[in-house]
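> pasting the sequence and the predicted coordinates here, then a few questions.
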Amino acid sequence: MSNSRAESFEELKCWRLAYELKTGVKADVLKKLPKSERFELYSQLLRSCRSATANIAEGWGRYHYLDSNKFYYNARGSLSETLDHLIEAKDQDYITLEVFELYKAKTLEALKTLNGFIFYLKREHLKNQKK
């Protein structure tokens, strides 16, 4: 879905997937972390999930291709950071392998969809440059 077809960033599949990831992590992962991680892994994981959706929303709100694209790349970085934190949670036995695999798959799906959106916008930008 392009910026011209969607009326809000909430309609973007990449945002919806990142939002589902964020709500799932909050419900199924954060509550399993020990209190000793409250200001470390818990905080970092929550921030990276929030950052992904927030950057997609902010990119949507920008009107210049390069400006908005910067935020979409930031969102991509935040999703990758989320995966790193999930790996840490698994390696510390805070979450089961099953929970990790579920949220790894959700993270990779959100990344793949965001990459497709970024590629689509680039293609549209190049097409408009030729006009």
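In hand now; what should we look at?

> tell me the helices and strands packed up against the longest helix seen in the chain.
The longest helix of the chain (DSSP state H) is helix 97-130. If you count contacts as 3 or more C-beta pairs under 8 Å, 6 or more residues apart in numbering; DSSP states H and E, helix 97-130 packs onto helix 13-28, helix 65-91. In short, each C-beta sits where N, CA and C put it, glycine included.

> quick one: mean pLDDT over the longest one.
Taken as a whole, helix 65-91 carries a mean pLDDT of 96.

> check which helices and strands it sits against.
Counting by 3+ C-beta pairs under 8 Å, 6+ apart, helix 65-91 packs on helix 13-28, helix 41-60, helix 97-130.

> what comes up buried for it?
Of the residues in helix 65-91, 65, 68-69, 71-72, 74-76, 78-79, 81-83, 85-86, 88-90 count as buried by neighbour count, 16 or more other C-beta atoms under 10 Å.

> if we can go back for a sec, of all the residues in the longest helix of the chain, which ones are buried?
For helix 97-130, burial by neighbour count (16+ other C-beta under 10 Å) applies to 99-100, 102-104, 106-107, 109-111, 113-114, 117-118, 121.

> now, which of these sits nearest Gly61?
Taking C-beta to C-beta as the measure, Gly61 sits nearest to Leu121 out of the buried residues of helix 97-130, at 14.2 Å.
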